[in-house]
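A.B. asks: Mind folding the following:
(chains A and B)
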Amino acid sequence: MDLQTVWFVAVAVLWTGFLLLEGFDFGVAALLPVIGRKPADRHLMLRSIGPLWDGNEVWLITAVGAVFAAFPGWYATWLPALYLPFVLVLFGLIIRAVAFEWRHSHHTAQWDSTWTNVITTGSLIAALGIGAALGGTTLGLPVDGDGVRVGGAFAGVTWSALLGGIAVLGYSMVHGAVFLALKTEGPVRLAARAFARRWSPVAALPLLAWAGLVHLREGTTVTALLWLVAALAVLVTWVSTRLDREGPAFTAWAVVMLASAATIFGAVHPVVVVSSIDPAFDVTLAEASVSDYTLTVMTWVAGFGLPVVLGYQAWTYWVFRKRLTADPETPHTAAGEPVNA
Amino acid sequence: MDVLDVARWQFGITTVYHFMMVPLTIGLGILLVVMHTMWVRTGNPEWLRMTRFWGRIYLINFVLGVATGLVQEFQFGLAWSEYSRFVGDVFGSLLALEALLAFFLESTFLGLWIFGWGRIPKKVHLAALWAAVIGSIVSAYFIIAANSWMQHPVGVVTDDATGRPEQVDFLAVLTNNTALAAFSHAIVGALMVAAALLVGIGLWHLRKRRLAGLSPEDVDHAVWRRSVRIGGWASLIAFVLVAVTGDYQAKLMYQQQPLKMSSAEALCESEAPAPFSVFAFGKLGSNECDDVHSWTVPALLSFLAHGDFSSEVPGVNELQEEYAAAYGATYPDDPSFGDKAGEPIDYAPLLAVTYWNFRLMIGMGMVSAGVGAYALWATRRGRVPTSRIGVYGSLLAVGAPFVANASGWIFTEMGRQPFVVYPNPDVPREDQVYFFTAQAVSPGISAAEVWTSLIALTVVYGALAVVELWLIVNFVRRGVTTSDGSPTPGHTPDGDPDADVTPGSASTRRPDDDDVLSFAY
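C.D. replies: Numbers count the residues shown, from 1 in each chain, chains lettered A, B, ... in the order given. Take a look at the predicted model:
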């Protein structure tokens, strides 16, 4: 594999990691009004993602940073083509981040419910918007041969962008539910199980459709197989939720994203921005990439840095591995249950 | 205004706003590490309360810094896509490495610190804070290295095929002398921000307690007193370092961007020895150097620029001509320059902006150091100041280093116009890499789009600033003691927070345990 492909894979891994990790905290936030009927339940749900969401969001920052670092031609075509949608995503991410911290910085019921709603709203916007952006770049954006958007401010908001948005949001909501079923105890756990049982097959459809469309455009046998794995994983998730097997459900649902993302990035390679105007305007890896020297330097640094990052982030997950209960007096570590109990 | 102007305003507003949070995060992080380490080493309850109190402010501020920092990473692509294409081989990798090596460290370990009280061993918990704060300092280094490369591009050659810089020496980019100077200056500047906060809030609480007749023997008194003493010393030490690093930076700037420094001094004609301008009057706004007159100190500028009292310092008028000869008197008549195509180039940055921001930076830094000295004097040998002017003045002066930090950046960023990547004079003319701001903006976007985002972001930022200030003020007023005057909840008398999160202790906990010093949600 040449370095450009190595970095394409790295970028794909970062985006997939982001969708997997931030996916469940987007999902938990989106489920707050659905599952969290009582303030104590919502509090519990927020505590389940409290120590993790900020670290998860760094996957997004690193993914965007890696796109800029390795493929500035991708970065500089993709972002301005979706100027206002990206600003909206930033808006969602900003209000969501401050709401997490500010919600518990003052104590009235009104304050609490306001910022809880802000967390939900911000997460919905961010999940939809980031999905739309990824959908756009892999299915088609209206860019010309110079990588400049054609057709006005909202030309980038096409059906493919909408599909991507719904796919990421739908995936995240079920992801949040299987996460909550695994991480909590009591009514939230039961409600999360019920949600996953009912919605997992439906919520996967837009994601499968997106991956399928990218595959149909430029796919290979490998991406066809990956797509089948994703579809099969949906089935396994559904069966697991019916059997109330939370560990397998969570794992299988993670496989849904891993396989779908692999299908999408595998099929679109070596194109990074698909032009909906003319395939000749597609931005390819080679056009978008930085020099081999810069890629080499980054490969060395990331080669040493990334394993360390993965190590300590995994360790944090391990520290906060215990199930949470709605009783705020009980500390995380008090229950003493194994993770998959 | 055309797209270029709106996009510049947007970048300026969002970046200056972001940089209100950043120095406080860095500076307070460093002081917090000291407090927490002292607590773990001594077990002294006042250190614990200081850690908790200042830690809470740190977190309220941190999250807004993170949130507004997101905009930074995206807007290079959103509004400045041609810039991003041009600098891609160097600039993007610094941002990516910042995220990989610094942001992960910062966010992950801060989450561990917030939620780890009593759940992980004390020393591991302390190490988590160290890791998070080291993360923020490392991130500052990467982003300043990126910025300094724009001020003084090193480690690159021009790629003949694309005309863009191609990186050939990553180590040179990382060890750019501009970056080393700017980084050290920014870190000690950040320390001044945090120090001023400790002094202002500490003095206010000390005075309030004394007027209320509260005992100077209890732990709260010790918390505020120690905060003031630490803040005062940090302020003075940081000020000395700010001056030393600033002087080094200014000398570098005279070599690398002489127009920026001469504009900052409103020095029109080259002079030997050159005087230092203390105060300027006349029509600075006209950007015609000769309309400006100032009160000066003879030969001081020669000393600041070159370390002696006789060297010549080049003036704006002469430098203008030099730059026009080297880089053209007009912009190329090319559509990539937008409205500026074919227009004459003004190589001098806006005189009023550079001149006054430079003075504001220095002046506010002096005010801040003065307040630090006052605080140390007023609290010497256990004294508590009751002077209304002194204490409220110190509280007001919390803003001074914020202004100094912001004006310093406005000076250095506006001062490099009309270039976004400034030509490096150490390199032969034909090998120089440079880029005009006028050609950096994204070609496909409309002014209406940028106006929309500019207005939306400004409104949101304004609202968030109001909430943040309100939260911090509210929190500060409550202090480290609960409203009924009893010790802070969540702590056993010997100040150990670990004790009350063990199972079965629920009955001994207070109902408003979330109140003043809790971290977790």
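A.B. asks: and the residue of the stretch 201-350 of chain B found nearest chain A, what does it touch?
C.D. replies: Residue nearest to chain A within the stretch 201-350 of chain B: residue B:336 (10.2 Å; C-beta to the nearest C-beta). Quick note: C-beta positions are derived from backbone N, CA and C, even for glycine. Counting by C-beta atoms under 8 Å, 6 or more residues apart in numbering or on different chains, residue B:336 makes contact with B:82, B:439, B:443.
A.B. asks: any idea which helix or strand carries the first one?
C.D. replies: It stands for residue B:82. In the assignment (DSSP states H and E), residue B:82 maps to helix B:81-87.
A.B. asks: Show me what that helix is packed up against.
C.D. replies: The elements that helix B:81-87 packs onto, with contact taken as 3 or more C-beta pairs under 8 Å, 6 or more residues apart in numbering or on different chains; DSSP states H and E, are helix A:72-81, helix B:45-78, strand B:419-421, strand B:435-436.
A.B. asks: same question for the helix or strand that it is followed by, mean pLDDT?
C.D. replies: Following helix B:81-87 in sequence order, the next helix or strand is helix B:91-98 (DSSP H and E). Per-residue pLDDT over helix B:91-98 has a mean of 92.
A.B. asks: can you list contacts of helix B:91-98?
C.D. replies: For helix B:91-98, contacts defined as C-beta under 8 Å, 6+ apart pick out A:62, A:65-66, A:68-70, A:72, A:75, A:290, A:294, A:297-298, A:301, A:305, B:73, B:76, B:84, B:138-139, B:142-143, B:145-146, B:149-150, B:167, B:170, B:173.
A.B. asks: so what's residue B:130 closest to, chain neighbours aside?
C.D. replies: Counting by C-beta to C-beta, 6 or more residues apart in numbering or on different chains, residue B:33 is the residue found nearest to residue B:130 once chain neighbours are left out, at 5.9 Å.
A.B. asks: excluding its backbone neighbours, what's nearest whichever residue of the stretch 1-150 of chain A sits closest to chain B?
C.D. replies: Nearest residue of the stretch 1-150 of chain A to chain B, counting by C-beta to the nearest C-beta: residue A:72, 2.6 Å away. In this structure, residue A:72 finds its nearest non-sequential neighbour in residue B:88, 2.6 Å apart by C-beta to C-beta, 6+ apart.
A.B. asks: contacting residues for residue B:69?
C.D. replies: Residue B:69 makes contact with B:18, B:22 under the criterion C-beta under 8 Å, 6+ apart.
A.B. asks: still on that earlier bit, I'd say the residue of the stretch 1-150 of chain A closest to chain B and residue A:288 touch.
C.D. replies: Yes - between residue A:72 and residue A:288 a contact is recorded at 6.9 Å, counting by C-beta atoms under 8 Å.
A.B. asks: neighbour count winner among these two?
C.D. replies: More crowded of residue A:72 and residue A:288, by other C-beta atoms under 10 Å in any protein chain shown: residue A:72, with 29 against 26.
A.B. asks: any idea how far the more buried one lies from residue B:149?
C.D. replies: Residue A:72 is 14 Å from residue B:149, where distance means C-beta to C-beta, to the nearest Å.
A.B. asks: do the same with residue A:90
C.D. replies: Separation of residue A:90 from residue B:149 (C-beta to C-beta) stands at 25 Å.
A.B. asks: Low-confidence regions, chain A specifically.
C.D. replies: Counting by pLDDT under 70, chain A has low-confidence residues at A:327-341.
A.B. asks: In which helix or strand does the most centrally placed residue in it reside?
C.D. replies: With distances taken as C-alpha atoms, centre = their mean, residue A:19 lies nearest the centre of chain A, 1.9 Å away. Per DSSP H and E, residue A:19 falls inside helix A:3-35.
A.B. asks: That helix: which residues count as buried?
C.D. replies: Of all the residues in helix A:3-35, those buried under the rule 16 or more other C-beta atoms under 10 Å in any protein chain shown are A:3-4, A:6-8, A:10-32, A:35.
A.B. asks: and if you look at stretch B:387-395?
C.D. replies: For stretch B:387-395, by 16+ other C-beta under 10 Å, it's B:390, B:391, B:393, B:394, B:395.
A.B. asks: from those residues, which single one is nearest chain A?
C.D. replies: Out of the buried residues of stretch B:387-395, the member with the shortest distance to chain A (by C-beta to the nearest C-beta) is residue B:395, at 20.9 Å.
A.B. asks: surely residue A:156 meets residue A:140?
C.D. replies: No - counting by C-beta under 8 Å, residue A:156 sits too far from residue A:140 to count as a contact (9.7 Å).
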